[in-house]
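In: what would the 3D arrangement of this be:
(one chain, ligands or ions: 1)
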Amino acid sequence: MLSNQSQLLARNLDLFEQGEWLIINPADAYFTDQLSDMPLEVLHQYFDVFSESVRVIHSHSMDTRDVSEDPSGFCVSQKVSKHLHTFAPFITGERRFSDVLIYIPKAKHQLKMLLTMAGSVLREGGRIHLVGENKGGIKSAAKLATDLGPAQKVDSARHCSLITIEVENTPVFRLEDWLDERTYQVDEFEWDIVSLPGVFSHTELDDGTRLLLSKLPNHLNGNILDFACGAGVIGSYLNKLQPHLKLTLLDVSALALFCAARTMQANGVTGQLLAANGLHGVDDKFSHIVTNPPFHTGVKTDYSITKRFISDAKRVLAKDGTLHLVANRFLPYPGLLAEHFSQVRPLAQTSQFSVYLSLK
Ligand SMILES: C[S@@+](CC[C@H](N)C(=O)[O-])C[C@H]1O[C@@H](n2cnc3c(N)ncnc32)[C@H](O)[C@@H]1O
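Out: All right, here's what the predicted structure looks like:
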């Protein structure tokens, strides 16, 4: 289904008739079908829309070493007719686009980074277009872009607006301007986290994650899945403390996977990275899953991803496998866990969070 943002764009197809276009983070896999006659590049920082757009890839894995040493990060590309779809954290290379369209993200810092990235591949005299929901902050997004050049509203409908910026000052994107590296601490243990704008826990350890880490057993064995790994906070903590573990870190976000690779490297540990939408297309077996799963989409609370994850988790757990999960204590996870696991034990509770241990 076309997202509201894409429905607004579909009223403005003449905009796309000329130029060399890059589209960043389309909210759905269907708008680009309306542009099938023209060549364009699409950068997806999120694997769900990427895999739907290329209609084949269910999950994709890479080694943390390869990703942390490659400045372009976790990257996979596929051509669909005249369109080149790339799942990656960054767009780099020559100034080759006349127009870049960004579906604005929720996090302002991520948008700032995207604007710089977009500007750095834009030709002289090029334009950046922003599309987003009015309640998703499109007005303030336009303000953020004023350093680049004058902005003008082109259209609005479906509770969304489309804004065009005539770029006069083309910026240069330098990864080191955006990377944040700092040390987190739980009890006496310290480890390093590398993060970027738009990645969960950016610059601060989440209280739920902290509670989960303080309740994890000291002696785990076998293959561990850090599901929805973000910057790799949980996986790197576990592997630094228990180096014999085989870690897999999974996330839907290319920015998160890139940071997770850098975080693993910063702590002198390695593992496997998996780009996936939930556990869709994940065939490996794990002895243990540890997670602080997602529950927000847009401005509403949405636990459908975690609901699906809980029902799929048993499939990827080995015999006698366990799931450690932290969540906002008001979310209805105990019932869901009990539907799929033989035993569910609460391990800790604060005014905000609960940690559950579930046995297969
Ligand atoms: C609450 S954060 C936890 C991050 C990290 N584990 C921590 O504790 O700092 C949830 C993570 O879920 C990821 N996520 C959202 N939707 C997802 C999906 N469909 N499949 C996999 N990961 C997803 C987000 O990118 C985010 O990194």
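In: S81 reaches S36, doesn't it?
Out: Yes: at 5.6 Å, S81 counts as touching S36 under the criterion of C-beta atoms under 8 Å. Placement of C-beta: from N, CA and C, glycine included.
In: find the closest residue to the ligand in the stretch 1-150 of the chain.
Out: At 5.7 Å from the ligand, D48 is the closest residue in the stretch 1-150 of the chain, using C-beta to the nearest ligand atom.
In: same question for the chain.
Out: G230 (2.6 Å).
In: helix, strand or coil: sort out that residue for me.
Out: Using DSSP: H, G, I helix; E, B strand; the rest coil, the structure places G230 in coil.
In: how about L249?
Out: Quick answer, by three-state DSSP: L249 is strand.
In: who touches it in this structure?
Out: 64, 226, 229, 232, 235, 257, 260, 264, 271-274 (C-beta atoms under 8 Å, 6 or more residues apart in numbering).
In: can you give me the helices in this protein?
Out: With DSSP state H as the criterion, the chain has helices at 4-10, 47-54, 64-69, 108-120, 138-144, 207-214, 233-241, 254-266, 304-316, 333-340.
In: the fourth one packs against which elements?
Out: For helix 108-120, the contact count by 3 or more C-beta pairs under 8 Å, 6 or more residues apart in numbering; DSSP states H and E identifies strand 21-24, strand 97-103, strand 122-133, helix 138-144 as packing neighbours.
In: quick check: domain ranges of this structure?
Out: 4-45+89-175, 179-359 (automatic domain parsing).
In: among those domains, which is nearest H60?
Out: domain 179-359 (4.6 Å; C-beta to C-beta).
In: kindly check the end-to-end length of the closest one for me.
Out: The straight-line separation of the ends of domain 179-359 (C-alpha to C-alpha, to the nearest Å) is 38 Å.
In: cool, stretch 201-217 as well?
Out: This stretch, stretch 201-217, spans 23 Å end to end (C-alpha to C-alpha).
In: for it, give the mean pLDDT please.
Out: Confidence for stretch 201-217, expressed as mean pLDDT, is 94.
In: that one and the ligand in contact?
Out: Yes: counting by C-beta under 6 Å from any ligand atom, the ligand has neighbours in stretch 201-217: 201, 206, 209.
In: any idea how far the second one is from S253?
Out: Think D206. 15 Å (C-beta to C-beta, to the nearest Å).
In: neighbour-wise, which of those two wins?
Out: The neighbour comparison of D206 against S253 (other C-beta atoms under 10 Å) goes to S253, with 26 against 16.
In: can you tell me how far V344 is from F227?
Out: 17 Å.
In: so for these two, which residue has more residues nearby?
Out: F227 (30 against 19).
In: wait, isn't the more buried one in contact with H288?
Out: No: if you go by C-beta under 8 Å, F227 and H288 don't touch, sitting 10.6 Å apart.
In: just want the most central residue of the protein.
Out: S253 (2.1 Å; C-alpha atoms, centre = their mean).
In: give the contact list for that one.
Out: Contacts of S253 (C-beta under 8 Å, 6+ apart): 45-47, 198-199, 230.
In: 7 Å - rerun?
Out: 45-46, 199 (C-beta atoms under 7 Å, 6 or more residues apart in numbering).
In: equivalent analysis for Q78, please.
Out: Taking C-beta under 7 Å, 6+ apart, we find Q78 in contact with 54, 85.
In: beta partners for I289?
Out: L225, L323 (DSSP bridges).
In: surely it meets L225?
Out: Yes: in this structure, I289 is within contact of L225 by C-beta atoms under 7 Å, at 4.6 Å.
In: neighbour count winner among those two?
Out: Remark: of I289 and L225, L225 carries more neighbours, 29 against 25, as counted by other C-beta under 10 Å.
In: tell me the confidence at that one?
Out: 98.
In: then the one 5 residues further on?
Out: In this prediction, G230 carries a pLDDT score of 97.
In: any regions of the stretch 201-350 of the chain where pLDDT drops low?
Out: 296-302 (pLDDT under 70).
In: contact distance from the ligand - what residues of it qualify?
Out: Neighbours of the ligand within the stretch 201-350 of the chain, by C-beta under 6 Å from any ligand atom: 201, 206, 209, 228-230, 233-234, 251-253, 256, 277-278, 292, 294, 305.
In: rerun at 5 Å
Out: 201, 209, 228, 230, 233, 251-253, 256, 277-278, 292, 294, 305 (C-beta under 5 Å from any ligand atom).
In: in contact with the residue lying closest to L130 once chain neighbours are set aside, which residues?
Out: Leaving out its chain neighbours, the residue that sits closest to L130 by C-beta to C-beta, 6 or more residues apart in numbering is I163, at 4.6 Å. By C-beta under 7 Å, 6+ apart, the contact list for I163 reads 129-130, 138, 142, 151-154.
In: please indicate which of those are buried?
Out: With neighbours counted by 16 or more other C-beta atoms under 10 Å, these contain buried members at 129-130, 138, 142, 151, 154.
In: of those, which is the nearest to T183?
Out: Relative to T183, and with distances defined as C-beta to C-beta, the nearest of those is L130, at 35.7 Å.
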